[in-house]
Structure formats: C-alpha cells, structure tokens
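>>> what shape does this take:
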Amino acid sequence: MLDPAKRHLTLLFTVTILALLALCTGGTVYYFHFNLHRSEQESLRHELAEDVLPYVAAERMEALAEVADSDLFQVLDASGLVVVESVNPLGVDPPINPALRRRALAGGEAWERVTLFETTVLVYYFPLAPHLVVRAVASLEALVALERTALLAALVGFPLMLLLAYGLSRLLVARAMGPVRDAMTYQELFSANVSHELLSPLTALKGGLEVSLRRPRDAEDYRRALVEGLSQANRLVELIRNLELLSSAHFHRTDLMLEPQVLTSLVEASVAARRAALEALPLTVTVRSAESVECWLDRVLLRRVLDNLLDNALKYAVPGSTLVITQSRQRRSVRLTFDNACRPLPAARRAGVFEPFERGQPDVPGRGLGLFVARHIARAHGGDLTLLPSAEARFVVQLALPCPPA
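Sure, this is the predicted structure:
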C-alpha cells in the first residue's frame, strides 16, 4: 500500500526539486548575464566620454577618424549618414537602426544587441548635438563565450542535478513516510494482538456455556458456570479497556479529569484493595513517605497506574519478599519508586517491559499491557514511568508526576 504512494511522492518531489534547481541555476545565469551587460554598457559610456566627447567639445570632430580603439565610434547626422567614424577594429559594421537613431535624436539613449556573421556586438545610440547622434559598437564575444560555457555547464550538470533531486526526494519521502509506516505497522500489530488476546477469554466463555448446556444441571452447577462466565467477561472488559488506551496512546490525546489528590492516600487505597492477594503470595508492602503531597491528578486513571504496578509486583515478585514503595519530593515533581525482588530478568527482556504485549516472563499470566498503559497515563499527566538500573534479581520502576513546587 505504501510503495505506490512512495513512488508517486518521490516522482513529485524529484520534479519539484529539479524545477527549483533549474530555476535557481537560470536565475543565477540571468543575474550574471544582466550584470555583465550592464558592466559592458557602463564601459562603453566611459569610453565614449573619453574618446569621442572631448573632440566634440574642442570642435575637432574630424579627428575622430584617427582614433584607434577596441570599439567602433560613429557620428551620424539627422538623416542617418555617417559624418565621421573611428578606426573599426571589429570587422563588422551593423546596420543603423532607424527607430533607435530617432530616439537618440529626441534626446534619449538606446541599446541593442546585434549578431552579424557569428559576431555579436552591443550597439549604443547617444544624443550628441541637436542633429547629431553618436553610435558606439562594442564586441560581446567574451560575454557570448561565457554564456556558452554556462549553457554547456548546465547541460553537463543536468544529470548531476537530476541525481541530486532524486536523492533528496528519496530522503524527504523516507522522512515524511516514516510516521505513516510506523502507524500502519502499529495498526497491523495492534489488530493481530487484539484478535489473539480477545480470542482466549471468548473461547473460554463459549466453552463454559456449551458445557453447561450439554445436560441438565442443578442450581449450584449453573451458579459455578455463571461465576466462571462472569470472570471471563471481566477479563474481556479489562482487556478492552486496556486496548482502548493502547490505541489512544498512539493516535489520540488522553482526556484527564484533574483534581487535587493526596498521592499516599491513593497508594494506600490501592494496596488495601489487594490485601488478600498480597497475603496469599505472601508479599509484604512497605510504604515510605516523608510528607503528604497533594497533586492535580485524574484519580481514576492514576489508581489504574498504581493497580497495574501492584499487579505487576504480584505476578513477578518472589514469594515472601517485600515490595518497598518510596515517595520522594523534588521541586516540581513527586516520585514513587516500586522496588521488589523478582526472578532474574535479563537485560534483553528489561528493554521491552514497556512495549505492548511484551511480558518479562513468558510463563507468567497476563497480556503484557499493564506497564505500557501505566506509562501512557503517567505521560498524559506530564510525568513518566521508567525502569531504574538494578540487579537482575530486582525490579525497580519509578513513577514521576508533576506537582506544585513546595
């Protein structure tokens, strides 16, 4: 699905970048062409002022015929006849342009570029007297040679520009399509895992109902079937709630209902709700807090974070060990550290503990969503959930949440 889009975007970007490069190259060539023309015009004006006008001022205009310069100077009368001209070093004498001559007679300046016998010259018409016009002719061969060199360089450089445009396009498309590819990969993974995770409790629920209906049963048997069905339904509800957050974590912002909450009170309430499971393991929980800290939190979602962290400890903690929950205060944040002994957890598995559908120990029941959901909720609050460095036989996570400065 992405490949046709990538090819289309690469072609579009290549054409656009190539057009921009061509525009920049053309603009640069035109800039130099314009400036060189203007420079040639200024040079011709300067030579006119030095080589022609002094003779006119001294009323020795006939002496112009003795002037040998790199340019040709001619004095024209009102009818367009040449009154006097300098030595012609150019080898060409372009025809007189009547329109430009009349403009010069009217008191204006006029320019034209003429090519004769593969020789290009710049012709300048300048008013000299009420009925006289000076025509100056200068060679543009150096400028023409430069233009040809620029054109040749553009033609030779076109494949290079095309290659550059294509390379830049590939890079831009890869950067632009990266998030799209990640989102589609995530969606595929999400769909596959959802199907797998939903299938297990639904199969158990369907199997229990089918067994119950195979033959008549007494009330107690039906009650046990209903209890088991309710248990599977609760698993489905919890799983769907986690999957909903899993989807929103990647594509949407989580809406929070913020209100002032005492963090230690939420921790104690979460611990109390799991007292029976903690005693059955057994797992001792010790809460250490130097002060009571009030933060603006979403109570329901934060209870879910604490419940997920406690459930994670119940699954992985060593029976008979102690889970230590330590609260510490910084200037603008409060931190809860959950530290418990566990079976050895290699670094390779630690790296993926916050990934969805990843479990630290494959043989431990669960969906691999608890820590991922907890981290998402923490980040939605402006905090974070991180795994702290520890020995392989210890599992230490830290929940950081923003709070007003002390």
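>>> now Leu44: which helix or strand?
Using DSSP states H and E, Leu44 sits in helix 2-51.
>>> quick check: mean pLDDT across that helix?
What helix 2-51 shows for mean pLDDT is 79.
>>> now stretch 266-276
89.
>>> tell me the bridge partners for the residue lying closest to Gly91 once chain neighbours are set aside.
What sits nearest to Gly91 in space, not counting adjacent residues and going by Cβ to Cβ, 6 or more residues apart in numbering, is Thr119, at 7.0 Å. In short, each C-beta sits where N, CA and C put it, glycine included. Counting by DSSP bridges, Thr119 forms beta bridges with Leu116.
>>> cool, and the one 10 residues further on?
Listed beta-bridge partners, Ala129: Leu132 (assigned using DSSP bridges).
>>> what about the helices in the stretch 301-406 of the chain?
All helices of the stretch 301-406 of the chain, identified by DSSP state H, counting those that start in this stretch, fall at 347-350, 370-380.
>>> what does the stretch 101-250 of the chain give?
Going by DSSP H, counting those that start in this stretch, the stretch 101-250 of the chain shows helices at 141-212, 219-251.
>>> touching, Ser390 and Val396? I think so.
Yes. Between Ser390 and Val396 there is a contact under Cβ atoms under 8 Å: 4.4 Å.
>>> okay, those two: which has more neighbours?
Val396 (17 against 14; other Cβ atoms under 10 Å).
>>> now the more buried one: how far from Pro356?
Using Cβ to Cβ, to the nearest Å, we find Val396 at a distance of 21 Å from Pro356.
>>> please apply the same query to Asp221.
Asp221 sits 38 Å away from Pro356 when distances are taken as Cβ to Cβ.
>>> higher neighbour count, those two?
Pro356 (22 against 13).
>>> so that one touches Leu371, yeah?
No. Using Cβ under 8 Å, Pro356 makes no contact with Leu371, being 9.3 Å away.
>>> sorry, back to before: so which elements touch the helix holding Leu44?
With contacts taken as 3 or more Cβ pairs under 8 Å, 6 or more residues apart in numbering; DSSP states H and E, helix 2-51 sits against strand 119-129, strand 132-139, helix 141-212.
>>> for the shortest one, what is the average pLDDT?
Meaning strand 132-139. 87.
>>> burial of Thr286, as a residue count?
Neighbours of Thr286 (other Cβ under 10 Å): 11.
>>> try the one 10 residues further on
By the measure other Cβ under 10 Å, the count of residues near Trp296 is 15.
>>> looking at it, the residue nearest to Gly91 is touching Ser139, isn't it?
Yes. Assessed by Cβ under 8 Å, Thr119 is found in contact with Ser139 at 7.2 Å.
>>> pick the most buried one from the helices of the stretch 301-406 of the chain.
Highest mean neighbour count among the helices of the stretch 301-406 of the chain (mean count of other Cβ atoms under 10 Å): helix 370-380, with a mean of 22.
>>> tell me what that one is packed against?
helix 219-251, helix 299-316, strand 384-387, strand 394-402.
>>> could you redo the last one with a cut-off of 7 Å?
If you count contacts as 3 or more Cβ pairs under 7 Å, 6 or more residues apart in numbering; DSSP states H and E, helix 370-380 packs onto helix 219-251, helix 299-316, strand 384-387.
>>> lowest average confidence, helix or strand, in this protein?
Lowest by mean pLDDT, DSSP states H and E among the helices and strands of the chain is helix 219-251, with a mean of 72.
>>> after that one comes which helix or strand?
From helix 219-251, the next helix or strand downstream (DSSP H and E) is strand 258-262.
>>> what's the angle between that next one and helix 299-316?
Relative orientation of strand 258-262 versus helix 299-316 (axes from the mean of the first three to the mean of the last three Cα atoms, to 10 degrees): 50 degrees.
>>> now tell me what touches strand 258-262 from outside.
Outside strand 258-262, the residues that touch it by Cβ atoms under 7 Å, 6 or more residues apart in numbering are 292, 294-299, 302.
>>> ok, which pair from those residues is furthest apart?
Largest separation among the contacts of strand 258-262 by Cβ to Cβ: Ser292 and Asp298, giving 19.2 Å.
>>> give me the more crowded residue out of these two.
Taking other Cβ under 10 Å, Ser292 and Asp298 do not tie; Asp298 has more neighbours (19 against 10).
>>> if I pick the nearest residue to that one once chain neighbours are set aside, what's in contact with it?
Leaving aside its chain neighbours, Asp298 sits nearest to Leu256 (4.3 Å; criterion: Cβ to Cβ, 6+ apart). Applying Cβ under 7 Å, 6+ apart to Leu256 gives the contacts 298, 301, 380-381.
>>> might one say that Leu48 is in contact with Tyr125?
No. At 10.9 Å, Leu48 does not count as touching Tyr125 under the criterion of Cβ atoms under 7 Å.
>>> comparing the two, which shows the higher neighbour count?
Taking neighbours as other Cβ under 10 Å, Leu48 and Tyr125 compare with Tyr125 leading, 24 against 18.
>>> surely that one and Ala110 touch.
Yes. If you go by Cβ under 7 Å, Tyr125 and Ala110 touch, sitting 4.3 Å apart.
>>> quick one on the thing from earlier: and the residue nearest to Gly91, how many residues sit next to it?
Neighbour tally, Thr119, other Cβ under 10 Å: 15.
>>> ok, now Val267?
Val267 has 23 neighbours, counted by other Cβ under 10 Å.
>>> show me the domain layout of this structure.
Domain assignment of the chain by automatic domain parsing yields the ranges 2-147, 258-402.
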